[in-house]
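>>> only geometry, no sequence info:
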DNA sequence: ATTAAATCGGATATTATAATCTGATTTAAT
DNA sequence: ATTAAATCAGATTATAATATCCGATTTAAT
Ligand code: FES
Ligand code: FES
């Protein structure tokens, strides 16, 4: 096994990308999100609830309720979702599992790995959700 | 949560790096490896057993038994250990969890992520265990 | 031969993640 | 008012990863 992000986080990222791609202020019920992304409805529901608590997602209760992004997609970055769900451990931990990942106590691959995870962090940081709309829609079409 | 390699794989990598750093052909009992790396003895024992089955590790049974690398450290790469324990899923899977990661059906970060994981693969591939000996010993000293 | 110390195989326990279920509440339409 | 469809909170289940335990076997030294 090998994971970058937990399933929770993967689904959270997918759902936020999807909501951003829809480019609407209307709320979308979790059932529809689950159907479009082909992921379990109850699970994505829970995840969106927690993102609502984090303030990234807005939710509307009751009939005609659902979820939408809490702010403009050009204000949300992938790293925000990762931080809210998985945290930033990935960018602080030794890739070989040794304790105390730091330049002072480097493991044999610390330098190379440090570069890569910095770039991964940049990948999640430099663009906002609106930049991904087209590619998201194209990817979702093929599910 | 966020993982690159499973604990199994992390410990396997650590143990192989340690055995390589010792630069000896003598076998080392799992108890000593566990003590030096501060990891659970029973667990690393199992992991080394499976690596023995994979042919990366040599094991000697009975009193004065233990484990050593099955070949010269300059013939073993980190990727060999990763492949044996976690497999190569990390380098084939979509980082956002979408199905069908390929240039034909790219997710929004496919291109950037593809570059990074290629470099991660290189990191695990281009050097052999002997190259890591010094740094390994220095890291282990601080545990 | 006996003992001690190790791997080995298989089962078991523990913990974390993933997924589902249940019932309460909210809200819009009839 | 009643109904329908949604979020929400909390409990529960299922599955996988992590860790430990036990008994058998192997091997070296006494
Ligand atoms: S110590 Fe291993 S990646 Fe930093
Ligand atoms: S499709 Fe997402 S990384 Fe390739």
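Structure received. Bear in mind that the values here come from a model prediction, so they are computed numbers and not experimental data. Ligands and ions are numbered 1, 2, ... in the order given.

>>> Would you mind listing what in chain A touches ligand 1?
Proximity of chain A to ligand 1, by CB under 6 Å from any ligand atom, involves residues A:94-96, A:98, A:101, A:106-107, A:110, A:113. Every residue, glycine included, has its C-beta placed from N, CA and C.

>>> Sort out for me which of the residues you listed are in helices.
The members of these that map onto helices under DSSP state H are A:110, A:113.

>>> could the residues of chain A next to ligand 1 be laid out in a markdown table, adding neighbour count, pLDDT and distance to chain B?
Output for the residues of chain A next to ligand 1, formatted as a markdown table (neighbours: other CB atoms under 10 Å in any protein chain shown; pLDDT from 0 to 100; distance: CB to the nearest CB, whole Å):
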| residue | neighbour count | pLDDT | distance to chain B |
| --- | --- | --- | --- |
| A:94 | 20 | 97 | 8 |
| A:95 | 23 | 97 | 5 |
| A:96 | 24 | 98 | 5 |
| A:98 | 24 | 97 | 6 |
| A:101 | 20 | 96 | 10 |
| A:106 | 19 | 97 | 7 |
| A:107 | 24 | 97 | 5 |
| A:110 | 19 | 98 | 8 |
| A:113 | 21 | 97 | 7 |
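
>>> Out of the residues of chain A next to ligand 1, which is nearest to residue B:21?
residue A:107 (11.8 Å; CB to CB).

>>> Against residue A:99, how distant is the closest one?
10 Å (CB to CB, to the nearest Å).

>>> related to what we said a few turns ago, out of the residues of chain A next to ligand 1, flag the one nearest to residue A:11.
For the residues of chain A next to ligand 1, the nearest to residue A:11 is residue A:95 (24.3 Å; CB to CB).

>>> Now tabulate the residues of chain A next to ligand 1 in JSON lines and tack on distance to residue B:141.
What follows is those, written out as JSON lines (distance: CB to CB, whole Å):
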{"residue": "A:94", "distance to residue B:141": "15"}
{"residue": "A:95", "distance to residue B:141": "20"}
{"residue": "A:96", "distance to residue B:141": "15"}
{"residue": "A:98", "distance to residue B:141": "12"}
{"residue": "A:101", "distance to residue B:141": "16"}
{"residue": "A:106", "distance to residue B:141": "12"}
{"residue": "A:107", "distance to residue B:141": "12"}
{"residue": "A:110", "distance to residue B:141": "15"}
{"residue": "A:113", "distance to residue B:141": "20"}
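
>>> Find the helix or strand that residue A:122 is a member of.
helix A:110-125 (DSSP states H and E).

>>> Contacts for the helix or strand following that helix next, please.
Once the chain leaves helix A:110-125, the next helix or strand it forms, by DSSP H and E, is helix A:133-141. With contact meaning CB atoms under 8 Å, 6 or more residues apart in numbering or on different chains, helix A:133-141 is reached by A:17-18, A:20-21, A:23, A:36-37, A:73, B:98, B:105-108.
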